[in-house]
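1. Predicted model and sequence below, questions to follow.
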Amino acid sequence: MEWRHKDLISLEGWTREELHFFLEQADYMDELMNRPIKKVPALRGKMVVNCFFENSTRTRVSFELAEKMLSADVVNWSASGSSTSKGETLRDTVWTLEAMGADAVVVRHGAVGVPDYLSKKLHRASVFNAGDGTNGHPTQALLDLHSARKKLGDLDGAKMAMIGDVLHSRVARSDIQAFRKMGVSVTLSGPATLMPEDTASLGVEYVSDAREAARGADILYFLGIQRERQEDGLIPSIGEYHRRWGATDSLVALASPKAAVMHPGPMNRGVEIASSVADGPNSVILGQVRSGVAVRMALLYLCLGGAR
């Protein structure tokens, strides 16, 4: 397959065939990570700049590891201490980075639409969305697909229960889009105050009772819950949230015996997920972390000219 994507802003324009092809490339990268020498010269001479305007551990580190394993030159740019603190616009900042030779810019930003805006302003460099506001997190969706596929095999016809704060989650939006493209039916559950107004427009079902959502599910996906939501009055209490929508052993027991338990991280143990579940036999949470490196390697390789 000839790869037609230069940037990754969202997965909206990706076909199921492209997702399958991409996941096969990620499988190869996953195998590469098992080798004694993990570094290959696929992107030697390419320069990638990581621009993170928000804190990140998994996404930032896995992008950097992916870039270095492919032998790209890596620049980690920080807003603090840069000319943005002197009033320089984001557009001028990335134009400057491109003029210095950047072949790709990885960007995480708290404002919705920043990666899309940059992709239209940069003349040559690729743009990869590492999360923009509450809008989307496409590489998280790709690594979640990869992890679920490794655990379950073909995902067509699988059932996913996504439980938690969907309203404020960029992960939820990207995952719903990606998993539905792969033939997965998605049911949402959580407090009504943490759900979008029109869940039907997302092509999903909503049920308040997490037990109903989890029953027979092949994938249990628990979203992070920020403690500020209680202060905002969106959840009654942390304890009640955990009892009704948290990942407990009794809730997981309602799902398929081989169900994959997933969480995008960082986890709040004892809030959205119990330690016995996070560390239990159904958990693929650490697998998601590993897939994050493999998936981002595949993305860089394909979009920066590694395969045609």
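-> Good, I have the coordinates.
2. Can you name the residues in contact with the helix or strand harbouring residue 212?
-> Under the criterion of DSSP states H and E, residue 212 resides in helix 210-214. Residues outside helix 210-214 that contact it (Cβ atoms under 8 Å, 6 or more residues apart in numbering): 161, 163, 187-190, 207, 220, 244-245, 251-252, 254-255. From N, CA and C alone the C-beta is placed, and that goes for glycine too.
3. quick one: which of those is nearest residue 53?
-> residue 190 (27.7 Å; Cβ to Cβ).
4. pretty sure the closest one contacts residue 166?
-> Yes - under the criterion of Cβ atoms under 8 Å, residue 190 makes contact with residue 166 at 6.2 Å.
5. that older thread, report the mean per-residue pLDDT for the helix holding residue 212.
-> For helix 210-214, mean pLDDT is 98.
6. Could you number the chain from 53 rather than 1 from now on?
-> Sounds good: first residue 53 from here, last item helix 262-266.
7. The stretch 103-252 of the chain: strands as residue ranges?
-> For the stretch 103-252 of the chain, strands defined by DSSP state E, counting those that start in this stretch occupy the ranges 125-130, 156-161, 178-184, 211-215, 237-241.
8. swap in the stretch 253-360 of the chain?
-> Assigned strands in the stretch 253-360 of the chain, in chain order: 257-258, 271-274, 312-314 (criterion: DSSP E, counting those that start in this stretch).
9. Quick check: which of those is nearest to residue 83?
-> Closest approach to residue 83 among those is made by strand 312-314 (20.5 Å; Cβ to Cβ).
10. got the contact list for stretch 347-360?
-> 54-55, 57-60, 74, 77-78, 80-81, 84, 94-95, 98, 100, 114-115, 118-119, 121-122, 124, 155-156, 178, 180, 191, 194-195, 198.
11. now those: which count as buried?
-> 55, 59-60, 74, 77-78, 81, 84, 94-95, 98, 100, 114-115, 118-119, 121-122, 124, 155-156, 178, 180, 191, 194-195, 198 (16 or more other Cβ atoms under 10 Å).
12. Show the pLDDT at the closest residue in space to residue 129 that isn't next to it in sequence.
-> Nearest residue to residue 129, sequence neighbours excluded (Cβ to Cβ, 6 or more residues apart in numbering): residue 103, at 4.8 Å. pLDDT for residue 103: 94.
13. wouldn't residue 103 be in contact with residue 160 here?
-> Yes - judged on Cβ under 8 Å, residue 103 makes contact with residue 160 at a distance of 7.4 Å.
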